[in-house]
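J.: sequence first, predicted coordinates after that:
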Amino acid sequence: MTTKPNVLLLIQDIRFWIVLFFIGRLYGITNPPLEGASTWRQTDVLMIARNFFETDPNILYPRVDSAGALSGIVGVEFPVYNYLIYLISLIFGYESWYGRLINLVITSLGTLYFYKLIKNYFGESSAFYASLTLLVSMWFSYSRITIPDVFAASLCLISLYNGFRYFEDGKTKNLIVFVLLALVGCLSKISSAPILTVLAIPMFMGRMPINRKITMSLLALFIFSVVSYWYFVWVPYLNSTFGFGGYFFMGLPMDVGIQQLIVEWRDLLDQFFVTPLKYSGLVVFMVSLYLIMVRNKKWIVLIAFLLPFSFFLLFVVKSGQWYAVNDYYPLVSVPIFAFIVGIGLAQINIKALVTVLMLIIGVEGIANQIHVFKIRQPFISLLSLESTLDKFSQPDDLIAINSENSPTPMYCAHRKGWNLTNANFSDRNQIHILKTNKCKFIVILKIFNTNIDLDLPKVYDSEEYSIYSLVSKTTEM
């Protein structure tokens with residue numbers, strides 16, 4: 001009897017790849033949260049975490065920095081992820097990169113349980129290829145970025161595994177883990193909930209004990225009720241009570257969403273089919289669907305795909321044009337696509353071909369994301385904004401920035417105030433409103449506009465930004 005060489009055993013062990021990808025993505029882990037398209041989403045998460053640390057740790061009242069003269073309390077996703085950053089900050093002091101590390105740890109665990117779940121029901125090869133596909137998908141970069149999407153989806157994957165284990169074994173520990181992680185995952189990002197719909201399959205299997213089905217049904221109702229209360233009762237309450245409504249996008253009416261997606265159909269198709277796994281992954285996905293549906297007629301696989309996929313389509317429609325333009329929106333759908341790719345590759349008997357296909361998917365996927373490991377201009381210029389403002393203002397001074405409604409410059413300034421557009425500063429009435437509300441400085445970022453020149457004392461000027469005073473004469477720096 002021959003045994004496989006140790007090296008071959010190692011590269012066929014998904015734990016090796018999870019650890020390898022974990023270590024590789026530690027490069028630049030302490031970078032500031034300024035990677036291109038995801039910058040605004042990261043700083044949105046981080047300003048809430050920093051306000052827990054500096055202002056008020058009440059998890060029920062998250063607050064942002066860009067609410068002008070208001071308290072900043074606002075309805076958003078349940079801020080578990082933000083709160084973990086806050087808790088670590090209590091021990092080591094606040095640093096933005098804690099969010100990166102938390103995400104990397106949780107998504108690595110999520111990938112492991114994704115593998116274990118598929119292995120239990122569809123075999124080791126399917127699980128291995130699906131998990132590798134997930135590692136090289138857009139999760140490769142977003143797993144080290146401070147946003148809640150992959151964090152929440154990973155919690156739901158771990159929860160899903162434990163839900164199936166409870167159906168099979170009836171162990172209380174699996175039930176507890178299922179409830180806690182499903183609740184936290186869905187509260188952290190409601191769009192991750194479709195992942196859990198796969199649990200409908202054992203609900204209709206005759207061999208499952210009826211008492212377990214009843215228990216899971218009641219717990220699902222509990223999770224649904226809590227999540228619904230947060231998003232559809234508490235979030236509107238915070239927005240109406242503290243006056244900063246409209247900050248958190250709660251979706252569109254279905255008809256409006258469909259109309260917008262029809263207009264943006266080209267970007268929609270690219271976002272929906274290409275962004276998750278890139279072109280090579282899409283081709284293998286389509287071939288895999290053919291193998292599953294036509295050649296081998298694996299209907300249970302198709303059902304396991306269509307259940308979360310159908311509910312994810314509702315999320316797409318409710319998002320409308322925002323789905324088509326925000327790169328991170330497809331993140332929660334990636335495990336669904338990776339699952340089909342894994343099943344399809346496992347049905348190909350020519351292992352050399354499978355290896356080549358997996359290599360092509362990996363190279364294209366990683367090559368399109370490698371840029372996130374380095375912060376580039378114009379965003380890096382924002383790193384000096386806080387230290388510049390510190391020279392002639394206090395941390396509690398209110399400021400206004402032409403940030404085009406992005407929270408990133410305000411986060412980097414480490415101040416509170418108004419995120420405005422360039423057009424706002426052409427309105428003299430807007431300047432009067434700022435003065436009335438005790439705004440003390442205006443920051444004009446030249447990365448957004450180089451032509452604004454306010455009729456106000458200029459206290460600082462550089463190639464990156466100009467700062468004007470609304471309060472007193474100050475020597476220009």
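T.: Nice, thanks for sending it over.
J.: check the secondary structure at the residue lying closest to L454 once chain neighbours are set aside for me.
T.: Using CB to CB, 6 or more residues apart in numbering and skipping the chain neighbours, the partner closest in space to L454 is Y468 (5.1 Å). C-beta here means a position set from N, CA and C on the backbone, and glycine is covered the same way. The three-state assignment at Y468 reads strand, by DSSP: H, G, I helix; E, B strand; the rest coil.
J.: now swap in K297 and tell me
T.: Relying on three-state DSSP, one would call K297 coil.
J.: please apply the same query to S387.
T.: S387 falls in the helix class when you classify it by three-state DSSP.
J.: try I29
T.: Strictly by three-state DSSP, I29 counts as coil.
J.: what's the weakest-modelled helix or strand in this protein?
T.: None of the helices or strands of the chain scores lower by mean pLDDT, DSSP states H and E than helix 6-11, at a mean of 81.
J.: which secondary structure elements does the helix or strand following that helix sit against?
T.: Next helix or strand after helix 6-11 toward the C-terminus (DSSP states H and E): helix 14-24. Counting contacts by 3 or more CB pairs under 8 Å, 6 or more residues apart in numbering; DSSP states H and E, helix 14-24 is packed against helix 98-122, helix 124-136.
J.: any weak-confidence spans in this protein?
T.: For the chain, the stretches with pLDDT under 70 are 1-5, 37, 449-450, 472-477.
J.: next, the buried residues of stretch 210-218.
T.: Across stretch 210-218, burial judged by 16 or more other CB atoms under 10 Å covers R212, M216.
J.: you'd agree the residue nearest to L454 is up against P457?
T.: Yes: contact criterion CB atoms under 8 Å: Y468 and P457 qualify, at 6.4 Å.
J.: and these two? Which one has more around it.
T.: Between Y468 and P457, counted using other CB atoms under 10 Å, the more crowded position is Y468 (22 against 15).
J.: just to revisit the earlier point, out of the helices and strands packed on helix 14-24, flag the one nearest Y161.
T.: Closest to Y161 of the helices and strands packed on helix 14-24 is helix 98-122 (CB to CB; 4.4 Å).
J.: which neighbouring elements make contact with that closest one?
T.: For helix 98-122, the packing partners by 3+ CB pairs under 8 Å, 6+ apart are helix 14-24, helix 39-54, helix 80-92, helix 124-136, helix 148-169, helix 334-346.
J.: could those be laid out in CSV, adding mean neighbour count and distance to S217?
T.: Formatted as CSV, the helices and strands packed on helix 98-122 follow (neighbours: other CB atoms under 10 Å; distance: least, CB to CB, whole Å):
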stretch, mean neighbour count, distance to S217
helix 14-24, 16, 32
helix 39-54, 22, 33
helix 80-92, 18, 25
helix 124-136, 24, 28
helix 148-169, 24, 12
helix 334-346, 26, 23
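J.: let's have the ones you listed in a markdown table, adding distance to P407.
T.: Output for the helices and strands packed on helix 98-122, formatted as a markdown table (distance: least, CB to CB, whole Å):
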| stretch | distance to P407 |
| --- | --- |
| helix 14-24 | 29 |
| helix 39-54 | 5 |
| helix 80-92 | 13 |
| helix 124-136 | 29 |
| helix 148-169 | 15 |
| helix 334-346 | 25 |
